[in-house]
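Participant: My questions concern the predicted model and sequence given below.
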Amino acid sequence: MQQINDCFSKVKKDCFKFILSQETKKDKFRNKERMIKSFLIPVCQWISKKKNKKKTLIIGLAGGQGSGKTTISSILTLILQKYFKLNVFKVSIDDFYKTRRDRKLLSKKKHPLLMTRGVPGTHDIDLMLDFFKKIKSNNFKKLEIPRFNKAIDDRYRKSLWYKLKSKPDVVIFEGWCVGAKPQTNNQLKKPINSLEKVYDQNSIWRLYVNKELKTKYKSLFKQLDGLLYLKAKNFNLLKVWRLKQERKLWIQTNNRKNLKIMSSKDIVNFMQTYQRITQQMFKDAIKNSSVIMNLNVNHQIQTIKFKK
């Protein structure tokens, strides 16, 4: 407890400053101190104990749309850097989405729904595997890592990519489907929502996505040394939170010309592409995650469980 109090006193100012930058007039963080002291500092203690001096530690952070992955990963990064003195690089699986051009080609070749970013198959796996390979190399050289702009639904130009100049002690790799497992072909037969029923009548889209999980994404997730999971109570809550996220994106974007920001109706349709894997992860996370953070209906961490 002494270390937690000491840590909190040193990181409080920076953490609260970051949280304030994420708030809007209608969306305020509650119980900030409890979240940091009771949940996030203990997670950082767990990460610091797993750290091997010779090897970069790869920690996955998963959770449904709008669950707070970006916020949580940012606070974890602050604490690990300021108190535990670790060099931390935070990156999202979203930054490795295929370009709009590549997704357009994929959608013509495989299935129209693959134009919509998000599901396994719409990321550049080769680019991610190359990133992990170079991160773990003993002969590390500075790296450029892509950044994805959701407001235009495409990558930023290369001059705006992340520049990684030194080998990190820890990489926090966050994403909604990080650590996801494939389903059986039998599970894929029955549509689970109107999108699958209307636009994937022959199961071509979901079979393709599932095949990607079985093969390329399995190789990707093997790179992880641990997995943190933000578990919402249900999928409907995630839809509400994702809508708030899109509104926030609108507020924070200055240049709104040619934006691809979604309407409420768009969000509902968009979330259906995530539903199958998200609901499967609710079940799988209990077995596969190292740390589970259970979220309440108010979007707060309610309980935490360390498994590995």
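Facilitator: Right, received. Where do you want to start? Residues are numbered from 1 along each chain as shown.
Participant: quick one: low-confidence ranges for the protein?
Facilitator: 246-264, 308 (pLDDT under 70).
Participant: Pick out the residue nearest the middle of it.
Facilitator: In the chain, the residue lying closest to the centroid (C-alpha atoms, centre = their mean) is residue 175, at 1.8 Å.
Participant: Go ahead and confirm that residue touches residue 95.
Facilitator: No - the pair residue 175 and residue 95 does not pass the contact test of C-beta atoms under 8 Å, sitting 9.2 Å apart. Yep, even glycine has a C-beta here, placed from its N, CA and C like the rest.
Participant: For the nearest residue to the residue nearest to the centre of the chain once chain neighbours are set aside, grab phi and psi.
Facilitator: Distances taken as C-beta to C-beta, 6 or more residues apart in numbering place residue 93 nearest to residue 175, at 3.0 Å, with adjacent residues excluded. Main-chain dihedrals, residue 93, degrees, to the nearest 10: phi -60, psi -30.
Participant: Would you mind listing the residues in contact with residue 93?
Facilitator: Residue 93 makes contacts with 123, 128, 173, 174, 175, 176, 177, 178, as judged by C-beta atoms under 8 Å, 6 or more residues apart in numbering.
Participant: Are any of those residues buried, and if so which?
Facilitator: The neighbour-count test (16 or more other C-beta atoms under 10 Å) marks 123, 128, 173, 174, 175, 176, 177, 178 as buried among those.
Participant: Let's see which of the residues you listed end up in helices.
Facilitator: residue 128 (DSSP state H).
Participant: Next, the buried residues of the helix or strand encompassing residue 20.
Facilitator: For residue 20, the host element (DSSP states H and E) is helix 2-22. For helix 2-22, a neighbour-count test (16+ other C-beta under 10 Å) marks 7, 8, 11, 15, 19, 22 as buried.
Participant: Could you check how far the first one is from residue 48?
Facilitator: Spelled out, that is residue 7. Separation of residue 7 from residue 48 (C-beta to C-beta, to the nearest Å) stands at 10 Å.
Participant: next one: the third one
Facilitator: Separation of residue 11 from residue 48 (C-beta to C-beta) stands at 13 Å.
Participant: Repeat that for the fourth one.
Facilitator: According to C-beta to C-beta, residue 15 stands 17 Å off from residue 48.
Participant: Could you do the last one as well?
Facilitator: Spatial separation of residue 22 from residue 48 under the definition C-beta to C-beta is 25 Å.
Participant: next helix or strand past the helix or strand where residue 186 lies?
Facilitator: Following DSSP H and E, one finds residue 186 within helix 185-188. Counting by DSSP H and E, the next helix or strand C-terminal to helix 185-188 is helix 194-199.
Participant: Let me see the residues that make contact with that next one.
Facilitator: So helix 194-199 is contacted by 112, 113, 191, 205, 206, 269, 272, 273, 276 (C-beta under 8 Å, 6+ apart).
Participant: switch the cut-off to 6 Å
Facilitator: Applying C-beta atoms under 6 Å, 6 or more residues apart in numbering, the external contacts of helix 194-199 come out as 113, 191, 272.
Participant: Which positions within it qualify as buried?
Facilitator: Neighbour-count burial for helix 194-199 flags 195, 196, 199 (criterion: 16+ other C-beta under 10 Å).
Participant: which stretches of the stretch 1-150 of the chain form strands?
Facilitator: With strands called from DSSP state E, counting those that start in this stretch, the stretch 1-150 of the chain shows them at 57-63, 88-92, 143-145, 148-149.
Participant: can you tell which of these is closest to residue 69?
Facilitator: Each of the strands of the stretch 1-150 of the chain was scored for nearness to residue 69 using C-beta to C-beta, and the closest is strand 57-63 (4.9 Å).
Participant: residue ranges of the helices in the stretch 101-250 of the chain, please?
Facilitator: 125-136, 185-188, 194-199, 204-214, 216-221, 235-252 (DSSP state H, counting those that start in this stretch).
Participant: can you put those helices in JSON lines and add distance to residue 102?
Facilitator: As requested, the helices of the stretch 101-250 of the chain are exported to JSON lines (distance: least, C-beta to C-beta, whole Å):
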{"stretch": "helix 125-136", "distance to residue 102": "11"}
{"stretch": "helix 185-188", "distance to residue 102": "25"}
{"stretch": "helix 194-199", "distance to residue 102": "21"}
{"stretch": "helix 204-214", "distance to residue 102": "14"}
{"stretch": "helix 216-221", "distance to residue 102": "15"}
{"stretch": "helix 235-252", "distance to residue 102": "23"}
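Participant: among these, which is nearest residue 166?
Facilitator: Of those, the one closest to residue 166 (C-beta to C-beta) turns out to be helix 125-136, at 11.0 Å.
Participant: what's that closest one in contact with?
Facilitator: Contacts of helix 125-136 with the rest of the structure, by C-beta under 6 Å, 6+ apart, involve 56, 96, 143, 216, 220, 223.
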